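Visitor: with the sequence up front, the predicted model follows.
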Amino acid sequence: MPNSADRGRRTREQLIDASARLVGEVGWGAVTTRLVAERAGVNPALVHYHFSSVQELLSTAALRFASKVLEESADALREVPPAEGVERIFEDLTRFTGTDPESLLLAEAFLAAHRLPGLRSGLSALVADFRERVADWLRATGVRDADEVALLLAAAIDGLVLHRALDSSVDFRAVARPFRRLVES
């Protein structure tokens, strides 16, 4: 039988997962304590037991998801040459339609970060770490201007996902070829 600490961790995880899904469905501003509790299948009082506010809960969910996505992307580059890595990144992006719950969670988090200093700081650190990891990978393989190319690649990823939300015909793979040229020695 799980002890109270295990139940608490499980409840916290349920709240984070529920809030992440809800942002994609109803938008950041429409997520309430009651909605999260209903989706997680817990008493609404537990939301504020585990988090000081719904904003803290949403920020936690967004940062956790962004961290996971960026970590997976950076890890996928580790053992491949830059040209192949660029192809891999843009192929992986095809899972984001721009209107899927994950894309919407990230878009809403970027907007909310302008009003929530903790979220802004957390996202800033994650993005900077991703760029640094990509730059290190590029530098290790002899790519010139590695820091600048990493910045351009990270910004392109964000922009392409936003463009895809407005135009479903955007094909991420189409830009892989020009990025390949940037990273070929």
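Guide: Structure's in. What do you need?

Visitor: list the contacts for the residue positioned nearest the centre of the chain?
Guide: The centre of the chain sits closest to Ala66, judged by C-alpha atoms, centre = their mean, with a distance of 2.5 Å. Neighbour list for Ala66: 106, 109, 123, 126 [criterion: C-beta atoms under 8 Å, 6 or more residues apart in numbering]. To be clear about C-beta, it is placed using only N, CA and C from the backbone, and glycine gets the same treatment.

Visitor: from these, which is closest to Ala174?
Guide: Leu106 (21.5 Å; C-beta to C-beta).

Visitor: how close does that closest one get to Gly24?
Guide: Remark: distance between Leu106 and Gly24 (C-beta to C-beta, to the nearest Å) = 9 Å.

Visitor: so those two - more neighbours on which side?
Guide: Neighbours around Leu106 and Gly24, counted as other C-beta atoms under 10 Å, are more numerous at Leu106. The numbers are 21 against 18.

Visitor: and the more buried one, how far is that from Ala20?
Guide: Distance from Leu106 to Ala20, by C-beta to C-beta: 10 Å.

Visitor: which residues do these two both contact?
Guide: 62, 65.

Visitor: buried set for the strand or helix carrying Leu151?
Guide: Take DSSP states H and E as the rule and Leu151 turns out to sit in helix 146-166. Under the neighbour-count criterion of 16 or more other C-beta atoms under 10 Å, helix 146-166 has 146, 149-151, 153-154, 156-157, 160-161, 164-165 buried.

Visitor: list the buried residues in the next helix or strand after that helix.
Guide: Once helix 146-166 ends, the next helix or strand along the chain (criterion: DSSP H and E) is helix 176-183. By neighbour count with 16+ other C-beta under 10 Å, helix 176-183 contains the buried residues 176, 179-180, 182-183.

Visitor: next, the angle from the helix holding Leu151 to helix 176-183.
Guide: Counting by axes from the mean of the first three to the mean of the last three C-alpha atoms, to 10 degrees, helix 146-166 lies at 170 degrees to helix 176-183.
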